[in-house]
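Enquirer: build me a model:
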Amino acid sequence: MEQELAALVQQLIGAVEVAMSPMSASQQRQEAYQLCENFKEHSPHCAACGLQLAQKNNNPVIRHFGLQLLEHCAKFRWNSWQPPEKVQFKDTVLKMMAEGVENILTEQPYIKDALSKIVVELIKREWPQHWPTMMEELSRVAALGETQTELVLLIFLRLVEDIVAFQNLPTQRRKDILQCLTAHMGELFTFFTTTLQTHTMQYHQLARSLGEAEKVKAQCHCRVAQAVLKTLCGYVEWVSVSHVFANDGKLVESLCLLLGQREFQLHAAECLLLLVNRRGRTEERKPLLLLFNDGAMDTILSAASSADREALQNEQHYLFLKRLCQLLVGLGQQLGTLWGPTGLGVGCPANFSKYLSAILSFTAHNSQSLSSLTQGLWAAFLRHEHISKDSVFLEFVPKVLQQATINVVKTGFPSLSNSPSCTYSQVDFDSDDEFNSFFAAFRAQIVETVRLCTGLMPKVAFHYTDQCIRQLMASPINSSDATATGQGYCNLTSPSFVRWDGLTCYMEAVVNKIVKLNAVQLVIPEGVSLLEDVLGYSPKDPLILSCVLTCVSTLFPFGLTPLTPYCP
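Expert: Okay, here's the model as predicted:
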């Protein structure tokens, strides 16, 4: 039997090497692939050969194929095995986790993933009815070292993905496992929190050391902490919020602190983002407002400031900046849900002014993608029955209106370099066509925000309109991007035209909203004066003249008889 197995193992190794070799002919590769598939489907020695192939003395590609054979057995042959065979298989896989893997820094990610998937398949078939000690056994494995801890974390991540995200189990089995997992959730989150705090602390202690061995050990701790953060991303969105905020919010506090640490900040931000985007009963979301406290808010804003300084030098920092923006926007959306007559006593939170300043900074950012992320939040706040009347919020409405006069101007084409936004667009968009599609939606968001602001402060909104149009008329026409065939006239990317085009949209949004409110009389003197000056402005450039005619049409209500008095 041993000789037969050894021969089969060598045959499979040869087939895998042929299938994976770039030097193999197509026919050879197909035959080798077919041999492997036939063996997997039909051979009674699938598990035995898989175990031998998966030994760590083989090269990673051979080991991975061996693990695939074991996963196939767990998936499709489990029910045909006797109980002693199942126990032996399970014990062998756990022993492989303990002894059959390389160091956490050198082991291939696909080997770890394949091994964890086998254990997940066993859990899906055996736990809790036939494997009641699973949690204790995995806990013992995790205690063996960093590699084993990472594997256990990967198992819990893959398990929750199958149960909650993909839901690829029969309904009753899914219900049983989810119920048992929920019952152990306090224990699990204690493990997550303790592991995260322990390994981040040890990483920082060793990372400052001069010795090479200490630095390598520090990287091991770093890898485990990153694995905890990835695993938490599979849980924080749906588990009871009491687990996330247990022990006075120690876990959330740790996540906030990690935002300031380069090795962990992106994973921590993604974890917090999933947390603040939770849905469910309103009262369960109230603890999320703890992120408005001094410590959490200051940490988030400090991390954003640091990332912004390096966003153009490092795409990872730019991605992190986007996650922080989404995090703050998600927090604001939760505030909008909780603020008001929900019976929870939620009103203006601590640091609301600081929070709005941060949102406004993102709105004013040279990255139009970042600015776009905030527009929906401003609109939600402006529509909100209570927030739209809050004195702190009302201080920011003029600032939003003023910033809109800048954002509405179409600059930032990735093919150009005539604006600070161009550099960010070169990261975000593959072509000018893609940018055009984005900007059309972005401008629509801005226009809606301007309309809503005008509904609250029509005089302020018209003041900015009046100011901007007069500045345009007083400025010389700049057609620096004009082509030679254009005889000095503006084209669609000329500086003067893009400003006229954007601010004409802004004016239309403001004036149309004022007319709809029957509030024309509030700004009659300014409106009539602006109309007269626009009528007296006669540019020679066709594109600019087209914008001026649009302004005349928009301002036409100011030339009519006074409308019904405004009643706010």
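
Enquirer: how about the helices in the stretch 301-450 of the chain?
Expert: 315-338, 352-363, 368-383, 391-394, 397-407, 420-428, 432-456 (DSSP state H, counting those that start in this stretch).

Enquirer: Glu31: which of these is closest?
Expert: Closest to Glu31 of the helices of the stretch 301-450 of the chain is helix 315-338 (Cβ to Cβ; 43.4 Å). Bear in mind the C-beta positions are built from the backbone N, C-alpha and C, glycine included.

Enquirer: for the closest one, enumerate the helices and strands it packs against.
Expert: helix 265-276, helix 282-285, helix 294-310, helix 352-363, helix 368-383, helix 420-428 (3 or more Cβ pairs under 8 Å, 6 or more residues apart in numbering; DSSP states H and E).

Enquirer: any chance of CSV for the helices of the stretch 301-450 of the chain, columns mean neighbour count and mean pLDDT?
Expert: Converted to CSV, the helices of the stretch 301-450 of the chain look like this (neighbours: other Cβ atoms under 10 Å; pLDDT from 0 to 100):
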stretch, mean neighbour count, mean pLDDT
helix 315-338, 21, 97
helix 352-363, 19, 98
helix 368-383, 21, 98
helix 391-394, 14, 98
helix 397-407, 21, 98
helix 420-428, 18, 97
helix 432-456, 19, 98
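
Enquirer: now distance to Thr149 too, for those, in TSV please.
Expert: Below are those laid out as TSV (distance: least, Cβ to Cβ, whole Å):
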stretch	distance to Thr149
helix 315-338	25
helix 352-363	36
helix 368-383	35
helix 391-394	46
helix 397-407	47
helix 420-428	35
helix 432-456	42
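
Enquirer: ok, the residue nearest to His386 when sequence neighbours are not counted - contacts?
Expert: In this structure, His386 finds its nearest non-sequential neighbour in Gly340, 4.7 Å apart by Cβ to Cβ, 6 or more residues apart in numbering. The contact partners of Gly340, by Cβ atoms under 8 Å, 6 or more residues apart in numbering, come to 346, 384-386.

Enquirer: what's the ChimeraX syntax to select whichever of those are buried?
Expert: Typed into ChimeraX, the next command selects the buried ones out of the contacts of Gly340 (criterion: 16 or more other Cβ atoms under 10 Å):
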select :346,384
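
Enquirer: hmm, who's touching the lowest-mean-pLDDT helix or strand in the chain?
Expert: In the chain, no helix or strand scores lower on mean pLDDT, DSSP states H and E than helix 282-285, which sits at a mean of 88. Residues outside helix 282-285 that contact it (Cβ under 8 Å, 6+ apart): 240-241, 278, 334, 337-338, 342, 344.

Enquirer: can you list these in JSON lines and add distance to Val152?
Expert: Formatted as JSON lines, the contacts of helix 282-285 follow (distance: Cβ to Cβ, whole Å):
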{"residue": "Ser240", "distance to Val152": "22"}
{"residue": "Val241", "distance to Val152": "24"}
{"residue": "Arg278", "distance to Val152": "25"}
{"residue": "Gln334", "distance to Val152": "32"}
{"residue": "Thr337", "distance to Val152": "36"}
{"residue": "Leu338", "distance to Val152": "36"}
{"residue": "Thr342", "distance to Val152": "40"}
{"residue": "Leu344", "distance to Val152": "38"}
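
Enquirer: so can I have JSON lines of the helices and strands packed on helix 315-338 showing distance to Ile13?
Expert: Output for the helices and strands packed on helix 315-338, formatted as JSON lines (distance: least, Cβ to Cβ, whole Å):
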{"stretch": "helix 265-276", "distance to Ile13": "37"}
{"stretch": "helix 282-285", "distance to Ile13": "54"}
{"stretch": "helix 294-310", "distance to Ile13": "47"}
{"stretch": "helix 352-363", "distance to Ile13": "55"}
{"stretch": "helix 368-383", "distance to Ile13": "49"}
{"stretch": "helix 420-428", "distance to Ile13": "45"}
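
Enquirer: so how far is Val276 from the residue nearest the centre of the chain?
Expert: Nearest residue to the geometric centre of the chain (Cα atoms, centre = their mean): Arg323, 5.1 Å. Noted for Arg323: a distance of 11 Å to Val276, by Cβ to Cβ, to the nearest Å.

Enquirer: repeat for Ile111
Expert: 35 Å.

Enquirer: the residue lying closest to Val241 once chain neighbours are set aside: neighbouring residues, count only.
Expert: Leaving aside its sequence neighbours, Val241 sits nearest to Glu284 (Cβ to Cβ, 6+ apart; 5.0 Å). Look at Glu284: counted by other Cβ atoms under 10 Å, it has 13 neighbours.

Enquirer: could you do Gln521 as well?
Expert: Neighbours of Gln521 using other Cβ under 10 Å come to 14.

Enquirer: ok, the one 5 residues further on next?
Expert: Applying other Cβ under 10 Å, we find 16 other residues in the vicinity of Glu526.

Enquirer: who's in contact with the residue lying closest to Ala461 once chain neighbours are set aside?
Expert: The shortest distance from Ala461 to any non-neighbouring residue, by Cβ to Cβ, 6+ apart, is to Thr454 (4.0 Å). Residues in contact with Thr454 (Cβ under 8 Å, 6+ apart) are 401, 461-462, 509-510, 513-514, 517.

Enquirer: kindly report the same for Phe320.
Expert: Contacts of Phe320 (Cβ under 8 Å, 6+ apart): 265-266, 269, 303, 307.

Enquirer: and which of the contacts of Gly340 is nearest to Asp433?
Expert: His384 (36.1 Å).

Enquirer: how about the contacts made by the nearest residue to the closest one once chain neighbours are set aside?
Expert: Distance criterion Cβ to Cβ, 6+ apart; nearest residue to His384, sequence neighbours excluded, is Gly336 at 5.4 Å. Contacts here follow Cβ under 8 Å, 6+ apart; on that basis Gly336 touches 380-381, 384, 387.

Enquirer: residues near Val511, how many?
Expert: By other Cβ under 10 Å, neighbour count at Val511 equals 26.

Enquirer: quick one: it and Leu275, what's the gap?
Expert: 43 Å.

Enquirer: again, but for Gln55
Expert: In terms of Cβ to Cβ, Gln55 sits 41 Å off from Leu275.

Enquirer: which one of these two is surrounded by more residues?
Expert: Leu275 (27 against 13).

Enquirer: quick check, that one in contact with Val236.
Expert: Yes. Counting by Cβ atoms under 8 Å, Leu275 sits close enough to Val236 to count as a contact (4.6 Å).

Enquirer: between those two, what contacts are shared?
Expert: Common neighbours of Leu275 and Val236 (Cβ under 8 Å, 6+ apart) are Val244.

Enquirer: my read: the residue nearest to the centre of the chain touches Leu273, true?
Expert: Yes. Applying Cβ under 8 Å as the test, Arg323 and Leu273 come out as touching, 5.7 Å apart.

Enquirer: picking up where we left off before, in TSV: the contacts of Gly336, plus distance to Trp81.
Expert: Output for the contacts of Gly336, formatted as TSV (distance: Cβ to Cβ, whole Å):
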residue	distance to Trp81
Ala380	56
Phe381	60
His384	60
Ile387	61
